[in-house]
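Peer 1: what follows is a protein structure lacking sequence information:
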């Protein structure tokens, strides 16, 4: 009996197919993955963006009319230009019913256009001096229960603690202190004065302050200090005030911001 043999062509195809499966199992035949496009780098925030972020973080509430109405013992608030108005009593330290923004302008914590202020409550004082600063006039007052001040522009001490004596009296001797700060009203810029830069202690404080250029015609706050007597005093004319010359005198006074308290040579 004869045996039928498998055709050579069929055997060759089967072997080729088996070899292809073996190659696929071993090494894979899929196409390499496509390269991914590089991702764009995140942009670094600009300085302008950072500034805007800072502004947002520093946003504060608007200041209320007076310190009491804020209902806090300390706070930061913003004054707009149209809020720089209202009554104020005191100098550097103010009664708590005073306008925050007008007081802030008076003390120099903000400019004419307003700005951000920090205010803090402090003790009441036995008296408050009124002065004119930065186009704001404040009133003087007696005893009041509590006060406020601006930490960037003061220490929260009452006038008597800081040597502030309220309204200036006629002459230096009458103040009965070796050094003090007082306020001259415009109608107090009068009286006799002897000396230049250093004055006899019986000279008018306010007239001498105007002569030295410490205050203007409208008056203002002055700081005066006692010093030694001199063998002579020069008389001059300055700022519409004429002072007399004098010989030896027991003691003198001067204004620290306008002189050194040394006798004329």
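Peer 2: That came through, no problem. Just so it is clear, the model here is predicted, and its values are computed rather than measured.
Peer 1: counting neighbours, which bits of stretch 236-251 end up buried?
Peer 2: 241, 243, 246, 249 (16 or more other CB atoms under 10 Å). Where C-beta positions appear, they are placed from N, C-alpha and C, glycine not excepted.
Peer 1: same question but for stretch 130-145, I mixed them up
Peer 2: 130-132, 136, 138, 140-141, 144.
Peer 1: and the two most separated of these?
Peer 2: 132 and 144 (20.2 Å; CB to CB).
Peer 1: picking that back up, out of the buried residues of stretch 236-251, flag the one nearest to residue 231.
Peer 2: residue 249 (8.7 Å).
Peer 1: let me see the contact set for that closest one.
Peer 2: 194, 200-201, 229-230, 233 (CB atoms under 8 Å, 6 or more residues apart in numbering).
Peer 1: same deal with residue 155?
Peer 2: 149, 162.
Peer 1: residues in contact with the nearest residue to residue 260 once chain neighbours are set aside?
Peer 2: Among residues not flanking residue 260 along the chain, residue 254 sits closest, at 7.5 Å (CB to CB, 6 or more residues apart in numbering). Residue 254 sits next to 197-199, 224-225, 227, 260-261 when contact means CB under 8 Å, 6+ apart.
Peer 1: buried subset of the residues you listed?
Peer 2: 197-199, 224-225, 227.
Peer 1: after the worst-scoring helix or strand of the chain on mean pLDDT, which helix or strand is next?
Peer 2: Among the helices and strands of the chain, helix 47-57 carries the lowest confidence by mean pLDDT, DSSP states H and E, at a mean of 44. As assigned by DSSP states H and E, the chain's next helix or strand after helix 47-57 is helix 67-70.
Peer 1: ok, back up a step: list just the nearest of the buried residues of stretch 236-251 to residue 150.
Peer 2: Among the buried residues of stretch 236-251, and counting by CB to CB, the member closest to residue 150 is residue 241, at 33.6 Å.
Peer 1: do I have it right that the closest one meets residue 210?
Peer 2: Yes - the pair residue 241 / residue 210 is scored as a contact, 5.2 Å apart, by CB atoms under 8 Å.
Peer 1: quick check: neighbours shared by these two?
Peer 2: With CB under 8 Å, 6+ apart as the test, residue 241 and residue 210 both reach residue 189.
Peer 1: ends of stretch 134-152, how far apart?
Peer 2: 17 Å (CA to CA, to the nearest Å).
Peer 1: list the residues that contact residue 107.
Peer 2: 92, 133-134, 150, 153-154.
Peer 1: from the residues you listed, which is closest to residue 126?
Peer 2: residue 92 (15.3 Å).
Peer 1: phi and psi next, for the closest one.
Peer 2: phi 70, psi -40 (degrees, to the nearest 10).
Peer 1: before we move on, what about residue 82?
Peer 2: Taking degrees, to the nearest 10 as the convention, residue 82 sits at phi -80, psi 0.
Peer 1: for it, give its distance to residue 250.
Peer 2: Look at residue 82 and residue 250: by CB to CB, to the nearest Å, they are 54 Å apart.
Peer 1: now swap in residue 260 and tell me
Peer 2: 20 Å.
Peer 1: can you check residue 59 too?
Peer 2: Taking CB to CB, one finds residue 59 at 61 Å from residue 250.
Peer 1: can you give me the helices for the chain?
Peer 2: 8-27, 47-57, 67-70, 100-107, 172-175, 205-212 (DSSP state H).
Peer 1: least confident of those helices, on average?
Peer 2: Between those, the lowest average pLDDT goes to helix 47-57, which shows a mean of 44.
Peer 1: quick check: closest non-adjacent residue to the most centrally placed residue in the chain.
Peer 2: Centroid-nearest residue in the chain: residue 109, 4.3 Å away (criterion: CA atoms, centre = their mean). Excluding the flanking residues, the one nearest residue 109 by CB to CB, 6+ apart is residue 150, at 4.6 Å.
Peer 1: list the contacts of the one you found.
Peer 2: 103-104, 107, 109, 117-120.
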